[in-house]
Every structure is written in structure tokens, then in C-alpha cells.
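Enquirer: Sequence and predicted structure below; questions after.
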Amino acid sequence: MRASTKVLAALLAAIAVGVTAGAVWVGIGNAAPGGVSYKPTTRYYTLEAVEVDWEIAPGLTYKAWTYNGTIPGPQIEAIAGDTVVVTLINKLDTIASLHVHGLGYAITSDGSYESGAYAMSGESYTYTFTSDRRAIGTWMYHDHVARSEAMDNSMEGMVGDEEMFMNSIEGIEKGLYGAIIVRAPEERRTDREYILFMDEYMPEYSGLTPPAGMEMYAGFNGKTWPDNPTLLAYVGETVRFRLINIGTESHTFHLHGHKWFDSATNRWVDTKQVGPFETYTFDVTAGENGPGEWLYHCHDLMHLIEGMEGMFMVEAA
């Protein structure tokens, strides 16, 4: 066989191996690129729906509904292939539930009123969720049914001839939400990772009355200016931002002094719009323009005025 023929044969063999190897992980199984193997497991979480006095900024406190007493609630993590079992203990005076985005589940773990997958006041309910490679990424969980009116098992969802809409956003607006992160087995961790929930605090749900000229307060992770999270990093570190819009309005996230590559538009950006109940994940190199106190905020100027801004503190390495 001539040398050129041998080279061609070798190339074809390499391509065949690459195609075969790729077919192993392109699907939705548990095998991963690079030959990484992972044995799926079952992860257990317990969430308590409880009312607390929550301060969004100095002097601004309201009666919040929370998972485990914090806004957002505890972070739920899984690796693709895992099963996640969550027990919800309801200590509120109303019904409460858990609805997830991105994971698989039977109707008995849907969390909607129609599914019956909720916990009455003083009771508990257990949900089971599954994950595969399609679930890799940033997701959210939230309540789907809580409302101020006390409810009991006798309510059938009808009032006279009018249907009562039993699903509710009130639980979300009062703080019943959290993040779900599903990682790939082969994922390489960044130096730092921050999750930022973008939300509005509406007077009809929070009871907070904003100053004249403002319709509401807005902010990150259950806070508003000046108490939004201060994010820390050293120059040169890779920092992953996971944005979750848990509000009912679109938010345009802008990070001063940094850019990242946006695969959806195939270009470098420093601003990204995230619609209601959408998520967006990106990585930046901290301090690409040097150390300093870099501002992050929503670029909708009204949301900025309403308190949606925080600081990304980058220190010299």
C-alpha cells in the first residue's frame, strides 16, 4: 500500500472512531464526552414552606413566604442521570406546592392545583424528579398554588357558576422560589459561580409602598438597592453567572467592564435580555479591564431606579 493510501485509510479510521464515540454521548444517556463515566444516584431534599419577616433593604420588611426561611430557597443540585426527591413540609396557613422547570416528572409531581400535587397547611408532600442530559443547565423551582385565602379540602374550585382559578403567582411573588442546577458529569467547575434571581416586589403582594414615581421595588435574590448581593472575585478568575428571571417583566442584565461570548448570537456581548421565567448562563474573566467595583444592573432604567443594581467587586490577584 502506498504511503498516501495508508494516510487516507488512517484518516477514515479516525473519523469512524470519532463518529462512533460521538454517537455514545450525543443522545440523552449518561455517557459523557471525553470518556467520563458517572453512576447516577438519588438525591434527597427537604423544603419547609414557612412565613418570615423578610428585609429587602434597611427599613423595608414584609411578610414573606419562603422555602426554609430564605429568599431564594435552598439550591437543589443534580448531575445528569440523577433522581431528585423533595419532601415539602407546609407550615403556611394556605396550601403550597413545588413545581420544577427542566426536569422530568409524573403528573403526581407536577405541583399544579389540577394535579393535586400540593400540601395542605400542616401537611407534607413528596415529589420525585428525573434528569438526563437534556436537563443540564440552570432551572428554577417555585410554588404554583399558594394564596392568601385559607383553603381546605372542601374547596372544589367552583364558585356558583364561575370557575375559580386555583393556580396562583402569589406564592412566587412572596418568595417561594429557588434554583435547580443540573451539571454534566464532565463539567469543569469555574473559580466562582453566582446565581442571581431577578424579581420585582409588587405592593399588592409585598405590602411595601414604593416612593412617589416608582411602581414597585426591584432587585436581586430577594433584596433591593442598597442590599443587593455584592459579588467577589480576583482578577483572572473565571466566574459563572446564572441569571434567573422569576418576575413577570423582562430584565436586561448589564455587567460593566466585562464581556462574554453569546452562543445564541455568535458574538461578544455585555448585555442580555432575560424574559419572564427564563434563565441565562455565561462565564466572564474577572477584571478583564482591571480590578475595581464594577456595577451590574438591569438596563431598563425604571427597574434600575426601583433598585435593581449591585456590585461586582474584583480585587487584584
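Expert: Nice, I can see it.
Enquirer: For His256, give me its contacts.
Expert: 270, 294-296, 312 (CB atoms under 8 Å, 6 or more residues apart in numbering). From N, CA and C alone the C-beta is placed, and that goes for glycine too.
Enquirer: for Ser97, same thing?
Expert: For Ser97, the contacting residues are 88, 111-113, 117-119, 125, 143-146, 171, by CB under 8 Å, 6+ apart.
Enquirer: Mind checking which of the residues you listed are buried?
Expert: By neighbour count, with 16 or more other CB atoms under 10 Å, the contacts of Ser97 hold 88, 111, 113, 117-119, 125, 143-146, 171 as buried.
Enquirer: thinking again about what came up before, out of the contacts of His256, which is most surrounded?
Expert: Phe312 (24 neighbours; other CB atoms under 10 Å).
Enquirer: That one and Tyr296 touch, don't they?
Expert: Yes: using CB atoms under 8 Å, Phe312 is in contact with Tyr296, at 5.4 Å.
Enquirer: quick one: common contacting residues for the two?
Expert: Contact criterion CB under 8 Å, 6+ apart; residues shared by Phe312 and Tyr296: 231, 255-256.
Enquirer: Check Arg183 and give its pLDDT.
Expert: Predicted confidence (pLDDT) for Arg183: 98.
Enquirer: Quick check, it in contact with Gln75.
Expert: No: here Arg183 does not reach Gln75: they are 11.8 Å apart, not a contact under CB under 8 Å.
Enquirer: The two: which has the busier surroundings?
Expert: Remark: of Arg183 and Gln75, Arg183 carries more neighbours, 17 against 13, as counted by other CB under 10 Å.
Enquirer: Could you list the domains of this structure?
Expert: 42-183, 192-315 (automatic domain parsing).
Enquirer: Need the distance between the two termini of the last one.
Expert: In this case it means domain 192-315. End-to-end distance for domain 192-315: 14 Å, by CA to CA, to the nearest Å.
Enquirer: just the longest one next, same as before
Expert: In terms of CA to CA, the two terminal residues of domain 42-183 are separated by 14 Å.
Enquirer: As a check, name the ranges of all helices in the stretch 101-250 of the chain.
Expert: Ranges of helices in the stretch 101-250 of the chain, per DSSP state H, counting those that start in this stretch, are 170-173, 203-206.
Enquirer: Dump the first one to PDB, restricted to CA.
Expert: This points to helix 170-173. Taking Å, rounded to 0.1, in the frame of the first residue of the first chain, the C-alpha atoms of helix 170-173 are listed here in PDB:
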ATOM      1  CA  GLU A 170     -48.900  34.900  44.900                       C
ATOM      2  CA  GLY A 171     -46.500  32.300  46.300                       C
ATOM      3  CA  ILE A 172     -43.800  33.300  43.800                       C
ATOM      4  CA  GLU A 173     -44.300  37.000  44.400                       C
END
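Enquirer: quick one: which helix or strand includes the closest residue to Gly81 other than its chain neighbours?
Expert: Spatial nearest neighbour of Gly81, excluding adjacent residues (CB to CB, 6 or more residues apart in numbering): Pro40 at 3.5 Å. Using DSSP states H and E, Pro40 falls within no helix or strand.
Enquirer: and Pro40, what is it in contact with?
Expert: Counted by CB under 8 Å, 6+ apart, Pro40 has contacts 30, 79, 81-83.
Enquirer: pLDDT below threshold where in the stretch 151-300 of the chain?
Expert: Scanning the stretch 151-300 of the chain with the threshold set as pLDDT under 70 gives 151-165.
Enquirer: just the strands in it please.
Expert: Taking DSSP state E, counting those that start in this stretch, the strands of the stretch 151-300 of the chain run over residues 158-159, 162-163, 177-183, 192-201, 217-220, 230-234, 238-245, 251-255, 260-262, 267-269, 271-274, 279-285, 292-298.
Enquirer: Distance to Ile107 added to these, as JSON lines?
Expert: Shown next, in JSON lines, are the strands of the stretch 151-300 of the chain (distance: least, CB to CB, whole Å):
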{"stretch": "strand 158-159", "distance to Ile107": "21"}
{"stretch": "strand 162-163", "distance to Ile107": "20"}
{"stretch": "strand 177-183", "distance to Ile107": "19"}
{"stretch": "strand 192-201", "distance to Ile107": "27"}
{"stretch": "strand 217-220", "distance to Ile107": "34"}
{"stretch": "strand 230-234", "distance to Ile107": "39"}
{"stretch": "strand 238-245", "distance to Ile107": "25"}
{"stretch": "strand 251-255", "distance to Ile107": "32"}
{"stretch": "strand 260-262", "distance to Ile107": "36"}
{"stretch": "strand 267-269", "distance to Ile107": "39"}
{"stretch": "strand 271-274", "distance to Ile107": "29"}
{"stretch": "strand 279-285", "distance to Ile107": "24"}
{"stretch": "strand 292-298", "distance to Ile107": "36"}
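Enquirer: I'm done for today, thanks for sticking with me.
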